[in-house]
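Student: below are the sequence and a predicted model; questions follow.
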Amino acid sequence: MALSARLQLRQTQSLVMTPQLMQSIRLLQLSRVELDRFIDEEIERNPLLGRAESDDTPVTSTSPDAPTDEGGDGAADAWEQAPPDWSAEAIAARLDSSLENLFPDDPGTVEHMAPDLAAQWKSATPAGGQLGGGEGFDLEAMAAAPVTLGSHLAEQIAFAFRDPEDRLVAQLLADSLNEAGYLDADTREIAARLGTPVERVETVLSACQKLDPAGLFARDLAECLALQLIARDRYDPAMQAMVEHLDLLARRDFAALRRICGVDDEDLVDMLAEIRTLDPKPGSAFASPTADPIVPDVLVAAAPDGSWTVELNPDALPRVIVDQAYYAQVSRAARNTADRQFLGECLQSANWLARSLDQRAKTILKVASEIVRQQDAFLAHGIRHLRPLNLRTVADAISMHESTVSRVTANKYMLTPRGVFELRFFFTAAIAAVEGGDAHSAESVRDRIRELIEAEKPVDVLSDDAIVDILKKSGVDIARRTVAKYRESMNIPSSVERRREKRALAALAR
């Protein structure tokens, strides 16, 4: 068989993912914070991009030879060029009185102050050193930094130990705490590292365990709870026995606890209430960051005609503008091909980003409107009327791909008359109905299970099989393992544990 080279023409179709198309797809699944960060990065890279003002006033660049505006802007420029006179004579002339009559302790000028006070006054003035100029104070920049666990303990260690070596051991112990406040290091290892006896490390550790908040420097949960009870002067032999048998408390074996602690039902309930007030992670109060409030992307409100109005939240909708005036000005000054090519790429990227953000907003509004239409009963009547819904149903209704709907519903929130919900909340699995009726959503079934358990009595605690029978009588065809899975997802104990707890509480009520 002879080998030869040939030219062949072949016509094929293929989908090419351009960088701009990939960017548009990626913008759909970004949250508001991620989108703001992405836009800031694009503005830094692209000189033709800028953020639109809140009042939709376009931001345009000004050139040195641009004419000044008459009216308000000119007055602002005049204010900056000619700052007001804040001398004592000028203020006295405006007030028609001597400044000493109004402020006898204040000479009225910075120059007459002490040098250190004058420096502080100048550092506290806005930008430019003018009282009437600049952008004012940044209160967030002046806010105190959050107190960390290390800094909180360092202040106490400095006063609790006089010996420098003891302070060194205590500081090393504090550095060995985890976020929950437990000691992860071994005292023998710390002693070997510092070259000091283990007994001295144990003595310093005992002193550190008395620092605030109580429960820090514990090796396990039992010691953490014991330290807090000791600080409250509540660590009696009965409490000690309960803390040493936390496994029985976790299993809610109250009969065994009552026998081991040597108390009656009333005392046992009081001890359980005392245990619930303790903090199992005393260090987490310093480690947990401040939670940022959720800004909804979609706002839903009831309309006068009984329907629902769906609109995008302007606070969560980023707006960018393409500075065409600046592009025209710079493009005229471009002298070589590389500069003109760079400006062309910047203009194309800016226009594409503006169109992508507009398309993103329209897609979110389209998907949210269909979700509201599908879950109208939930908005009107509550969780029990939440319908089972999947991505394909919404995608088919609005003629979009299922993956597009999945990206849109990621990290987006909707404000409704019933609260703020993530868009993914409205997509729930379907639970079959008895005798071919309408399916039930998984969330509504969970709410029904929670209500049944909360209403049960100590003498009639419902088992998972009993809950299945009740749900089937109400038209929900559900398996026992599904009930157990939903119950565990809501952190609800089993019927045996609930019976023990409810009987103990009922004994106290008697």
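Tutor: Everything's here; your move. Numbering: from 1, shown residues only.
Student: going by C-alpha atoms from here, please, whenever you check contacts or count neighbours.
Tutor: Fine.
Student: tally up the residues packed near residue 28, please.
Tutor: When counting by other Cα atoms under 10 Å, one arrives at 25 neighbours for residue 28.
Student: surely it meets residue 406?
Tutor: No. Residue 28 is beyond contact range of residue 406, at 9.3 Å (criterion: Cα atoms under 8 Å).
Student: residue 157 and residue 176: what is the separation?
Tutor: Per Cα to Cα, to the nearest Å, residue 157 is found 14 Å from residue 176.
Student: ok, now residue 166?
Tutor: For residue 166 relative to residue 176 (Cα to Cα), the value is 15 Å.
Student: all helices of the stretch 251-400 of the chain, in order?
Tutor: 254-261, 265-276, 284-287, 324-333, 337-374, 376-381, 391-398 (DSSP state H, counting those that start in this stretch).
Student: could you give the angle of the fourth one to helix 337-374?
Tutor: Meaning helix 324-333. 160 degrees (axes from the mean of the first three to the mean of the last three Cα atoms, to 10 degrees).
Student: other SSEs contacting helix 324-333?
Tutor: helix 337-374 (3 or more Cα pairs under 8 Å, 6 or more residues apart in numbering; DSSP states H and E).
Student: now the helix it packs on: buried residues?
Tutor: Burial within helix 337-374, assessed by neighbour count using 16 or more other Cα atoms under 10 Å, is assigned to 340, 343, 346-347, 349-354, 356-357, 360-361, 363-372, 374.
Student: again with stretch 153-166
Tutor: 153, 154, 157, 160, 161, 166.
Student: residue 389 against residue 427, yeah?
Tutor: Yes. Counting by Cα under 8 Å, residue 427 is a contact partner of residue 389 at 4.8 Å.
Student: give me the more crowded residue out of the two.
Tutor: Using other Cα under 10 Å as the criterion, residue 389 and residue 427 rank with residue 427 on top: 22 against 19.
Student: least confident of the helices of the stretch 251-400 of the chain, on average?
Tutor: When the helices of the stretch 251-400 of the chain are ranked by mean pLDDT, helix 284-287 comes last with a mean of 77.
Student: please state the offset of that one from the chain centre?
Tutor: 15 Å (Cα atoms, centre = their mean, to the nearest Å).
Student: number the chain from 56, please
Tutor: Sure, I'll start numbering at 56, so the last one becomes helix 339-342.
Student: which other helices and strands does that helix contact?
Tutor: Using 3+ Cα pairs under 8 Å, 6+ apart, helix 339-342 sits against no helix or strand.
Student: so of the buried residues of stretch 208-221, which ones are in strands?
Tutor: For these, membership in strands holds for none, with DSSP state E as the criterion.
Student: so which of the residues you listed is the closest to residue 474?
Tutor: Set against residue 474, the nearest of the buried residues of stretch 208-221 by Cα to Cα is residue 208 (40.1 Å).
Student: follow-up on the earlier one: include distance to residue 361 and pLDDT when you put the buried residues of stretch 208-221 into TSV, please.
Tutor: Formatted as TSV, the buried residues of stretch 208-221 follow (distance: Cα to Cα, whole Å; pLDDT from 0 to 100):
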residue	distance to residue 361	pLDDT
208	59	88
209	61	88
212	64	89
215	67	87
216	70	88
221	72	88
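Student: of these, closest to residue 350?
Tutor: Using Cα to Cα, the buried residues of stretch 208-221 come closest to residue 350 at residue 208, 35.6 Å.
Student: so for residue 85, what's the nearest residue that isn't a sequence neighbour?
Tutor: What sits nearest to residue 85 in space, not counting adjacent residues and going by Cα to Cα, 6 or more residues apart in numbering, is residue 466, at 7.0 Å.
Student: and for residue 529, the neighbour number?
Tutor: Neighbours of residue 529 (other Cα under 10 Å): 11.
Student: before we move on, back to that, so the residue nearest to residue 85 sits in a strand?
Tutor: No. Using DSSP: H, G, I helix; E, B strand; the rest coil, the assignment for residue 466 is coil, not a strand.
Student: quick one, what contacts it?
Tutor: 84, 85, 86, 477, 478 (Cα atoms under 8 Å, 6 or more residues apart in numbering).
Student: same check, this time on residue 412
Tutor: Contacts of residue 412 (Cα under 8 Å, 6+ apart): 79, 82, 373, 374.
Student: is it possible to get a markdown table of the residues you listed that adds distance to residue 505, pLDDT and neighbour count?
Tutor: Formatted as a markdown table, the contacts of residue 412 follow (distance: Cα to Cα, whole Å; pLDDT from 0 to 100; neighbours: other Cα atoms under 10 Å):
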| residue | distance to residue 505 | pLDDT | neighbour count |
| --- | --- | --- | --- |
| 79 | 42 | 75 | 18 |
| 82 | 38 | 83 | 20 |
| 373 | 40 | 83 | 17 |
| 374 | 44 | 84 | 17 |
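Student: quick one: which of the residues you listed is nearest residue 273?
Tutor: Using Cα to Cα, the contacts of residue 412 come closest to residue 273 at residue 82, 46.8 Å.
Student: which SSE is immediately downstream of the helix or strand harbouring that closest one?
Tutor: Secondary structure assigned from DSSP states H and E places residue 82 in helix 74-83. Sequence-wise, the next helix or strand downstream of helix 74-83 (DSSP H and E) is helix 87-100.
Student: what lies in contact with the helix or strand that that following helix is followed by?
Tutor: As assigned by DSSP H and E, the chain's next helix or strand after helix 87-100 is strand 104-106. The contact list for strand 104-106 (Cα under 8 Å, 6+ apart) reads 97, 98, 114, 373, 374, 375, 376, 377, 378, 405.
Student: also stretch 63-82?
Tutor: 90, 404, 407, 408, 411, 412, 415.
Student: wait, which of those is closest to residue 312?
Tutor: Using Cα to Cα, the contacts of stretch 63-82 come closest to residue 312 at residue 90, 54.6 Å.
Student: what's near enough to touch that closest one?
Tutor: By Cα under 8 Å, 6+ apart, the neighbours of residue 90 are 82, 373.
Student: now residue 471
Tutor: Shown in contact with residue 471 (Cα under 8 Å, 6+ apart): 354, 355, 356, 434.
Student: now the residues you listed in TSV, with distance to residue 502 and neighbour count?
Tutor: Compiled in TSV, the contacts of residue 471 are given as follows (distance: Cα to Cα, whole Å; neighbours: other Cα atoms under 10 Å):
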residue	distance to residue 502	neighbour count
354	25	19
355	23	21
356	24	14
434	16	20
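Student: the residues you listed: which two are farthest apart?
Tutor: 354 and 434 (12.7 Å).
Student: so which of the contacts of strand 104-106 sit within strands?
Tutor: Using DSSP E, the members of these that fall in strands are 375, 376, 377.
Student: my guess is the last one contacts residue 403. True?
Tutor: Looking back up the chat, that one is residue 377. No. Counting by Cα under 8 Å, residue 377 sits too far from residue 403 to count as a contact (9.9 Å).
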